[in-house]
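In: sequence? don't have it. structure:
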């Protein structure tokens, strides 16, 4: 099975973070895109796996044969908790777009801006082009949340085990399985931009995905 992940240098990520916080997510960030095919994921469902958005948020429904697991501790800081919740919603929205086979799905656009919007769109386009959808269980864990120096933006980091999340061919419904290996593990870093105006949404302005993350293996 083919797989894909975005790799962005740490320096580029830090620079973009500074720009996004001054532009509030409106910049045209460009980062290197290393697309290697379809996706994978892991573990057992938790209470947070099927969360939905409230209020006027977009539909984040996922296929019955696909589960998202966020094994995170609830932050005591309200700002950190809000940023972490919407970081999860960005991931859900990306998966929703893949399931809907819609590169212009409004869900990910609701929860992202700048480079993170382009990342989500490119990921969904790759799945659509490959004729794949998602199935299995995808696990995220070991969250770490840091307020940036200006006190506004928040950097949310976490691990991913994608060993039991698979691509499924839409035409044949064949599940493309692979064995768990180091490539099953990734580190995610999401720059969360605080709400502006009447919005209460913390948008993902920039996303960095690092593959073969040994520190996430357990």
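Out: Yep, it's here. What you see is a predicted model; the values in this text were computed from it and never measured.

In: distance of residue 159 from residue 175?
Out: 24 Å (C-beta to C-beta, to the nearest Å). Quick note: C-beta positions are derived from backbone N, CA and C, even for glycine.

In: Looking at the two, which is more packed in?
Out: residue 159 (20 against 13; other C-beta atoms under 10 Å).

In: Contacts only, for the more buried one.
Out: Applying C-beta atoms under 8 Å, 6 or more residues apart in numbering, we find residue 159 in contact with 140, 141, 142, 185, 186, 187, 188, 213, 215, 216.

In: so who does the fourth one touch?
Out: To tie it back to what came earlier, the one meant is residue 185. Per C-beta under 8 Å, 6+ apart, neighbours of residue 185: 159, 160, 161, 162, 211, 212, 213, 214, 216, 217.

In: please redo it, this time with the cut-off set to 7 Å
Out: The neighbours of residue 185, taking C-beta atoms under 7 Å, 6 or more residues apart in numbering as the test, are 159, 160, 161, 212, 213, 216, 217.

In: On the three-state scheme, residue 135 is what?
Out: Three-state assignment for residue 135 (DSSP: H, G, I helix; E, B strand; the rest coil): strand.

In: and the gap between the spatially most central residue of the chain and residue 107?
Out: In the chain, the residue lying closest to the centroid (C-alpha atoms, centre = their mean) is residue 91, at 3.3 Å. Distance of residue 91 to residue 107, computed by C-beta to C-beta: 11 Å.

In: repeat for residue 72
Out: With C-beta to C-beta as the criterion, residue 72 and residue 107 are 20 Å apart.

In: These two: which has the busier surroundings?
Out: Using other C-beta under 10 Å, the more surrounded residue of residue 72 and residue 107 is residue 107, with 24 against 20.

In: Test my guess that the more buried one contacts residue 98.
Out: No: counting by C-beta atoms under 7 Å, residue 98 is not a contact partner of residue 107; they are 10.6 Å apart.

In: Which stretches in this protein count as strands?
Out: In the chain, the segments counted as strands under DSSP state E are 66-71, 132-147, 154-161, 165-169, 175-176, 185-193, 203-211.

In: so which of these gets nearest residue 116?
Out: Taking C-beta to C-beta, strand 203-211 is the member of the strands of the chain nearest to residue 116, at 4.1 Å.
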